[in-house]
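1. using only what follows, build the 3D model:
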Amino acid sequence: MSHDYAAIVSTIVVALLTIGTVQLVTLLKRWSVLLRGLYQEGHEARHRITEALRAGQDPDPEDFEQLNIVRPGRWLYRMALTAAPYLAAAVWAAACVVLIDVQIEVLRWAGAADPGPAAELARRAFRTVVVCGSLMAAEGLVRAAAIGFGFVVREHREHRAAFTAAERHAFFDSVAEYRRLSSARCRARSRTEPSAPDRTE
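-> Below you'll find the predicted structure:
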């Protein structure tokens with residue numbers, strides 16, 4: 001390993017560490033906000049149910065829906081979504097630890113009076129930079145895909161909640177009927193249109 005190679009590796013490692021540290025702090029903050037909001041929602045629902053029972057009133061059914069003991073599957077699904085930023089942060093934390101270890105070894109080599117070739121350290125630094133950089137890029141892609149999937153799921157649930165089953169069936173029946181009529185019009189138009197004259201002699 002040469003000093004120029006050590007300088008290049010150090011520059012890349014510092015850049016990855018900067019990105020990793022920022023992402024780690026951001027993801028941990030997001031995870032804490034989501035987790036606190038999830039438990040706060042259940043706590044407020046329990047409080048409203050208790051207050052309604054004390055007043056001799058029927059609790060709001062929507063409050064029961066927010067309790068994990070009523071909808072354990074929904075609660076586990078939301079917990080999985082809440083844990084996603086934590087798992088992503090764990091990936092960044094592991095990558096940062098490995099990068100710091102490699103950077104320390106590179107600095108120790110560069111500071112030696114007679115560092116020697118250190119071919120194994122050069123290979124290790126190369127593998128670490130490639131693997132950690134790839135993991136960081138993959139984590140970003142997976143997180144973007146998860147955000148998109150979560151948006152689709154939320155929109156689907158909101159659509160289902162906004163309309164009754166009969167209204168949804170009527171909507172899809174009207175779409176199917178429109179497609180059938182549109183296809184019939186296209187076929188009728190293709191039969192009535194005159195064919196292009198033959199210009200070949």
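
2. ok, then the element right after the longest helix anywhere in the chain?
-> Longest helix in the chain by number of residues (criterion: DSSP state H): helix 3-54. Of the helices and strands lying after helix 3-54 in sequence (DSSP states H and E), the nearest is helix 61-65.

3. follow-up on the earlier one: mean confidence (pLDDT) on the longest helix of the chain, please.
-> Here helix 3-54 scores 82 as its mean pLDDT.

4. which strands or helices does it pack on?
-> Under the contact definition 3 or more CB pairs under 8 Å, 6 or more residues apart in numbering; DSSP states H and E, helix 3-54 sits against helix 61-65, helix 72-111, helix 119-162. Backbone N, C-alpha and C define where each C-beta goes, glycine included.

5. helices or strands next to the last one in the packing?
-> With contacts taken as 3+ CB pairs under 8 Å, 6+ apart, helix 119-162 sits against helix 3-54, helix 72-111.

6. next: the second one.
-> Judged by 3+ CB pairs under 8 Å, 6+ apart, helix 72-111 is in contact with helix 3-54, helix 119-162.

7. quick check: buried residues in it?
-> Buried residues in helix 72-111, counting neighbours by 16 or more other CB atoms under 10 Å, are found at 75, 78, 82, 84-85, 88-89, 91-93, 95-96, 98-99, 102-103, 106, 109.

8. just the angle between that helix and helix 3-54, please?
-> Here helix 72-111 points in a direction 160 degrees away from that of helix 3-54 (axes from the mean of the first three to the mean of the last three CA atoms, to 10 degrees).

9. related to what we said a few turns ago, next, format the helices and strands packed on helix 72-111 as JSON lines and append mean neighbour count and distance to Ser182.
-> As requested, the helices and strands packed on helix 72-111 are exported to JSON lines (neighbours: other CB atoms under 10 Å; distance: least, CB to CB, whole Å):
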{"stretch": "helix 3-54", "mean neighbour count": "15", "distance to Ser182": "44"}
{"stretch": "helix 119-162", "mean neighbour count": "13", "distance to Ser182": "23"}
